[in-house]
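Peer 1: Model the following, please.
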Amino acid sequence: MTEIPIKKYVIIVAGGHGTRMNSAVPKQFMKLDGRPVLMHTITKFSECGLDPEIIVALPSSQIDYWNQLCQEYKFNTTIKIVEGGETRYDSVKNALQHITAPGLIAVHDAVRPLVSTKTILAVYRHAEMYGNAVPAIPLNDSIRKIESGKSMAVDRSRYCVIQTPQCFSSAILKKAYQKEYKTTFTDDASIVESCGEQVHLIDGTPENIKITNPQDLVLAETIMKIKPVAVVK
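Peer 2: Here you go, the predicted structure:
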């Protein structure tokens, strides 16, 4: 009997407003190598070879602008646009309502356009095996814990930096998003973990940076010159 492939989805969360960029243009629409950041991110998933259904959560006030950009740049990749919410949690929860068939759901930051195909393939593969997969990289800097107005050195080898895409079985992620929002929910892994699930970490990559300030755009441009990303069509 031929095995039926597991359906794959990706929710790309694009809720930025450009505040830390000191720009009127939201960071997901700022130009990177001549095209909006979000287009690079979408292309990474559309060309990963797994044909995931791509769902982009955008603030309602930005949807018309995005459609204009698609016309301007002749960007024709098939995606589903859903309205984002006030928080990242709300945006993902809204997007989940548009997923009815079971499968594997990756959740990715729109402003991580340098994610590698290797990482994308790995999160889906490990989520299929373990129920979830979250990329992480080790800390390179010394860190200190601040408590009661004092700081103390801690062992950095016991900590890591978490990235996206984070991938989960649809049953696990949908169950997790039935929980009431808490400020401690900083990513999807923390929400899933609050339901008693063990988070499975995989190796991330240093170049999978999150663009949050102007310096990050410069860094991303530099990385692209060293490791060219796929051409946006």
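
Peer 1: Now name the helix or strand holding the nearest residue to residue 113 once chain neighbours are set aside.
Peer 2: Distances taken as C-beta to C-beta, 6 or more residues apart in numbering place residue 40 nearest to residue 113, at 3.7 Å, with adjacent residues excluded. For every residue, glycine as well, the C-beta is placed using N, CA and C. With elements taken from DSSP states H and E, the one containing residue 40 is helix 37-46.

Peer 1: send the alpha carbons of that helix over as PDB?
Peer 2: Included here for helix 37-46 are C-alpha records, laid out as PDB according to Å, rounded to 0.1, in the frame of the first residue of the first chain:
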ATOM      1  CA  VAL A  37      11.600  40.800   3.400                       C
ATOM      2  CA  LEU A  38       8.300  38.900   3.500                       C
ATOM      3  CA  MET A  39       8.700  37.800  -0.100                       C
ATOM      4  CA  HIS A  40      12.000  36.200   0.600                       C
ATOM      5  CA  THR A  41      10.600  34.400   3.600                       C
ATOM      6  CA  ILE A  42       7.600  33.000   1.700                       C
ATOM      7  CA  THR A  43       9.900  31.900  -1.100                       C
ATOM      8  CA  LYS A  44      12.000  29.800   1.200                       C
ATOM      9  CA  PHE A  45       9.000  27.700   2.100                       C
ATOM     10  CA  SER A  46       7.500  27.600  -1.500                       C
END
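
Peer 1: So what pairs up with the most centrally placed residue in the chain in the strands?
Peer 2: Within the chain, the residue whose C-alpha comes closest to the C-alpha centroid is residue 108; the distance, by C-alpha atoms, centre = their mean, is 1.5 Å. Taking DSSP bridges as the rule, residue 108 bridges to residue 12.

Peer 1: Quick check: it vs residue 183, distance?
Peer 2: Going from residue 108 to residue 183 by C-beta to C-beta, to the nearest Å gives 22 Å.

Peer 1: And for residue 135?
Peer 2: Using C-beta to C-beta, one gets 23 Å for the distance from residue 135 to residue 183.
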